[in-house]
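Next come a sequence and a model predicted from it.
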Amino acid sequence: MDKFLTFTIVGLTVASIYAIFASGLVLTYTTTGIFNFAHGAAGMLFAFVYWQLRFDWGWSAPLALVVVLLVLAPLFGVLLELVIMRGLQNTTEAVKLVVSISLLLFLIGFAQLIWEPGVSRPMSTFFSSSAPIDLGPTTITIHQAITIGVAILVAVGLRLLLTRTRIGIAMRAAVDDRPLSTLNGARPDRTSMLAWAVGTSTAALAGILIAPGLALDAASLSLLIVSAYAAAIFGRLRSLPLTFLGAVVVGLTEGYLSGYLPQNQFLPGLRIASPAIILFIVLLVLPNPRLRGRMTRSREFFPMPTIRGGLSFAVAMVALGIVMATTLSTPDQLTYGKLFSIGIVALSLVPLVGFAGQISLCQLSFAGIGAVVMAHLGASGDPLALLWAVLIAAAVGAVVALPALRLSGIYLALGTAAFAVVLDRWVWNLPKFQVFGWFQVNLFAQGSVDVQPLKAFGTTFDEPDSQIILASVVFALVALLVIFIRRGKLGRRLLAMKDSEAACATLGLNLLGTKLLVFSVSAGIAGLGGALYAMQLTSIQPGNFDLVTSLQVFALSVVGGIGAVGGALFGAFSLFVFLPLLVALQPDLLRWVGLLPGLTGIGLGRNPNGAVHDMREGFLPLLQYPPALYGMVVALVAIYVLRITDVITNWPFVVLMGVAVVAATLVASLLRPKAVEEAAGDVEEVVDVPLEWRGIDRPWTDADVEELDRAIGLEGVSVHGSA
Amino acid sequence: MRRFRWFALVLVLALVAAACGRSGSSSSGTNSTTSTSGADTTAKSPNFGDLQDVCQPGKPSGSPTQGVTPTEIRVATFADPGFAGRPGLNQELFDTADVFAAWCNDRGGINGRKIVVDKKDSALTNTKARMTEACAQDFTMVGGGSVFDQDGVETRLKCLLPDIAGYVVSTQARGADLLVQPLPNSIKSLGVGAMNYMATKFAQDKDHLGVLTGDISTTKIVADQDAEAAKAAGWKIVYNDQYPAAGVTDWTPYAQGIKSAGVKGLIWVGEPENLAALMKSLKNISYKLDFVRTDANHYDQKLISIAGDALSDRNVFVQSSFYPLEKANKSNATGQYLDAFKQYKPDGKSNTYLGLQAWSAWLLFAKAAKACGNDLTRTCMFDNAKKVTSWTGGGLHATTDPGAGTSSDCYALEQATPGGFKLVTDNKPNDGIFNCTPKNVYTLKGDYGKGVTLQDVGQNISNMK
């Protein structure tokens, strides 16, 4: 009995922290529509601030608490709303998600910048010197009692705020129907600001309560709170009472699991994975969210890729691979060669997120499955292992897609994140096991497994240079496949599904099959990338495929522009070439570099089409004036020949390459004849600027007027006096 | 003009990219450190502890092998401070390398050749890339280590690069060829001196032993080995659990589990912060353990500062082979080590056993290299290091056998108390503060993996120069 009581108290304490945390999350989500992935990071940040004030500077606890909870945290929340979140209206879920994921990465980097990691920061619990309260068979510490009490106070306080105050009622009104409440004179911006202030404050409170039990560490503190998401999902991100109930369920499950789970080498990970498993189950049994009939208009727009463009991209990628393999030193090939294999994983996001609008945060987990398959089935260098990697990853992808068939948007993102967490915390660390006595599975052998080089086409790919060329060729082929999908029937079906599931269902499109297919294809591509990544690493650990890296790849690919293959390249390039290079050049920058992925992602709210879109526009003149283009290619080849014959070294090589590209583009934009410019108008029409953007993205023409007339059935009616 | 913004970016990227050059001399991720002789006023003794003439001038000539010139010896030192998840990870290995090189070069170097340290920051995932660089430029590896050292060991053996290791962690690297460890971390034997002490002092607890460790492979292997040795010595294990190394929100369940199983003595393999948290939870549920046995990494002020008075009636023992830092003074080796830091890198990380261990590796290297005289080759240096069968790092630690690579049969015990670490004196020390007897070593019978050999990578020691 005393054991049961002890674990009930443990469970309730954890539940209280989750409840405080989740209530802030729900508050901000309902009032602003943004699911704040960085909520945990905000809690972490203010736990650090509290430590700084209370323990490093020796302020008294009440003063430090007041300053953190009532001044700094709300201010930070307001700042978030003003600077970042306000710019996110009319963007897709993916963009909103990336912005908050980037904020999470940024806050971790920021905390590490200020509070050097690895230094001990002891943080004692409240009233740690007082004896625990004796409850007969067991005891409860004052800190535990305070935690539970605070959770109840937060629940009561929020209830009063939402039902008894004017602004609280305005908040609820904004949740129910934002435009209607605006019409009635409410000011949604003010309620949003208040929601962010209160939300950040609760995050800070939860952070301060949970930190003494953990080592004060930025990354683990930010991500551990993922567990609280399960509680928020109980309330379907809307209902506060259900959220509190959910927190109690999750907390008690965790408490009792730690008490009554048999000691077994397979199970310790299950305990910390349990909130993620609960999250997954809740998502499965949650009442099916209605198909939304209203089309959400977004500012995003990705043009249809042309066959010629796709082929040029593929050729350019292989050329880049060859250049890297022949000019870089072996250590640099090892460091930067991962570009293409991770690039393939990023490519897997393009059909799924870019075309179909389905969010997946576990692509690197699929890659991990591909890598494990490669390590075990490819032991003799058998190229068939690559096929197995694709097939098995695709099969797992289909299984993960099953709940996804019922979910969309943020729920899907959380479900896939939960899948990644279950793999990270539990499955990857499993010891050897038998599957129904058929065969033995030894995932990562509880540490790392070696990967043998691939043997194909009469060569053994055991050197980094040949591996880079192989990876670049596969990357090019997969890019072509993705472009092929986009141009084909499937691509149109995916885009239609992204625009409106309800409309698609009405027209008789098989949503189920389409979703299953795109998830499998995407997981298969990720598995292929993972297998090649494993081959390049030669020895793989679970850490290579964790959620944080997955988040980074996702975020940076969306920053690049997830609707196009170039976006995937951008994501992989920033993460595996640009950032390592910065650090290699300026080791002192290391701690600053941690801020960059976050910063670029946060900037996405301003430009949801991604960076590659802008870059492409920059190079447009070049594509429209072939003489300059061919001249540039010839110049690049010549420079490369100079490099390869060791006439010049890498520095002049890269500078000359850059000069050639810039010069060619300048020449093209100056010399581009008028005719080409007019043709450019046609090109854009093929590209098909959406009707509502004409006159904004390019000048309004008579042809547009006619098209508009046709579209709204006004044929033959006189408009603007024309016709 | 918006489009030109991207040209600017591409151009910057391009310029940055050029730095990683096959022909560029400054390879990425490498810092070379030459002697930076501080202004010193004390007499420069070439001795360290009881080691005579560690570093001395000479008239070197010729370049007998890679990394050795008439004026310098290029040596690679590995660590992971560039890991973005935890910047500064194992920085003490780099600091120790800097300080030793400065200390030694100030005294003339190795027979007149100055030590040049190539710091290889493996940043957790780049071990192989950095190892390939070391293969191309350095004479040997000294006083370093990478968390994922299994990634580099095959590359190292292929290019016949010896390693006088600061630390090794994976079984592949621990059992590898061309490796000399000043304080061997063997995969075939285990130091059990502390458990022998517990068996006599807490004989009544023999049927109530518990084992608790993190759920990552490196700590699990150690805990499995500890459990095997304890069972062989007649202990009965009533509790054997793993905690998630990713983080535990509340240690009460583990404290309660220990209480429910009636554990009286605990073998703990983990990190000091977590042990401190467990001790606090045990105190909260008012459960007393007779003893907790931990490894040398718990000789850490964090344990004391976080656990505080939870340590007062719970005996936490740290088994170690080092002469304790708190007993450092002007006349002993530990004091000399701290003085060297004070002189050459006052802000360096000196107060760790890992730093001491790396320093011992540097001393072993200096001794082996010096004995080769002018004709310094890898074969000569490695053979000399292998010949050392009794080693104390000048008095930094208990006697070890780097040549055979077996666990040391000596140990000392430190007890963590609220007031700090205290040396245990009732363990019948017979060699200074250390208790030394062959009974302190247990030969492991279980299969814990094997190291990489030269044969595995198709190399032969006769190709080494």
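Yep, that arrived.

drop to CA atoms for contacts and neighbour counts, all remaining ones
Noted.

By mean pLDDT, point me to the weakest helix or strand of the chain.
Using chain A here. One helix or strand of chain A scores below all others by mean pLDDT, DSSP states H and E: helix A:674-687, with a mean of 50.

not quite, I wanted chain B
helix B:2-17 (a mean of 38).

quick one: the strands in the stretch 301-450 of chain A?
Assigned by DSSP state E, counting those that start in this stretch, the strands in the stretch 301-450 of chain A fall at A:433-435, A:439-441, A:449-450.

my bad, the stretch 51-200 of chain A
Going by DSSP E, counting those that start in this stretch, the stretch 51-200 of chain A shows strands at A:133-134, A:139-140.

Would you mind giving the ones you listed as CSV with distance to residue A:280 and mean pLDDT added?
Output for the strands of the stretch 51-200 of chain A, formatted as CSV (distance: least, Cα to Cα, whole Å; pLDDT from 0 to 100):
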stretch, distance to residue A:280, mean pLDDT
strand A:133-134, 37, 79
strand A:139-140, 32, 80
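
Please identify the most buried of those.
Across these, the average number of neighbours (mean count of other Cα atoms under 10 Å in any protein chain shown) peaks for strand A:139-140, which reaches a mean of 18.

check which helix or strand covers the residue nearest to residue A:115 when sequence neighbours are not counted.
The shortest distance from residue A:115 to any non-neighbouring residue, by Cα to Cα, 6 or more residues apart in numbering or on different chains, is to residue A:48 (7.9 Å). In this assignment (DSSP states H and E), residue A:48 forms part of helix A:39-51.

Quick one: mean pLDDT for that helix?
For helix A:39-51, mean pLDDT rounds to 91.

what does stretch A:379-397 give?
Across stretch A:379-397, the average pLDDT comes to 90.

Pull out the buried residues from that stretch.
Buried residues in stretch A:379-397, counted by 16 or more other Cα atoms under 10 Å in any protein chain shown: A:381-383, A:385-397.

Using CSV, write out every CA atom in it.
Below are the C-alpha coordinates for stretch A:379-397, written out as CSV (Å, rounded to 0.1, in the frame of the first residue of the first chain):
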residue,chain,number,x,y,z
ALA,A,379,26.8,-7.1,-44.7
SER,A,380,28.4,-8.5,-47.9
GLY,A,381,28.0,-5.3,-49.8
ASP,A,382,24.9,-6.7,-51.6
PRO,A,383,23.2,-3.9,-53.5
LEU,A,384,19.9,-5.6,-52.9
ALA,A,385,20.1,-4.3,-49.4
LEU,A,386,19.3,-0.8,-50.8
LEU,A,387,16.1,-2.2,-52.2
TRP,A,388,15.3,-3.9,-48.9
ALA,A,389,16.0,-0.6,-47.1
VAL,A,390,13.4,1.2,-49.4
LEU,A,391,10.8,-1.6,-49.1
ILE,A,392,11.0,-2.0,-45.3
ALA,A,393,11.1,1.7,-44.7
ALA,A,394,8.1,2.1,-47.0
ALA,A,395,6.2,-0.7,-45.2
VAL,A,396,6.9,1.0,-41.8
GLY,A,397,5.9,4.3,-43.4
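
give the contact list for residue A:26.
By Cα atoms under 8 Å, 6 or more residues apart in numbering or on different chains, the contact set of residue A:26 is A:232, A:237-240.

Ranking by neighbours, what's the top pick from those?
residue A:232 (28 neighbours; other Cα atoms under 10 Å in any protein chain shown).

Just want the angle from the helix or strand hosting that residue to helix A:39-51.
Using DSSP H and E, residue A:232 sits in helix A:227-234. Using axes from the mean of the first three to the mean of the last three Cα atoms, to 10 degrees, one finds that helix A:227-234 and helix A:39-51 are set 130 degrees apart in direction.

ok now the helix or strand where residue B:305 lies, how far from the chain's centre?
Secondary structure from DSSP H and E places residue B:305 in helix B:301-307. Mean C-alpha position of helix B:301-307 versus that of the full chain (Cα atoms, centre = their mean, to the nearest Å) differs by 21 Å.

Show me what the helix or strand following that helix packs onto, helices and strands only.
Moving toward the C-terminus from helix B:301-307, the next helix or strand (DSSP H and E) is strand B:316-320. Using 3 or more Cα pairs under 8 Å, 6 or more residues apart in numbering or on different chains; DSSP states H and E, the elements in contact with strand B:316-320 are strand B:291-294, strand B:410-417.

and for the longest one, what are the contacting residues?
Contacting residues not belonging to strand B:410-417 are listed as B:191, B:193-194, B:299, B:303-304, B:308-309, B:311-312, B:315-322, B:398-400, B:421-424, B:427, B:429, B:433-437, B:440 [Cα under 8 Å, 6+ apart].

Surely residue B:385 and residue B:368 touch.
Yes - counting by Cα atoms under 8 Å, a contact exists between residue B:385 and residue B:368, whose distance comes to 5.1 Å.

Report the contact partners of residue 100.
No chain specified, so I'll use chain A. Residue A:100 neighbours (Cα under 8 Å, 6+ apart): A:35-38, A:602.

Correction: the question concerned chain B.
Counted by Cα under 8 Å, 6+ apart, residue B:100 has contacts B:340, B:359, B:362.

now residue A:97
A:34-37, A:410.
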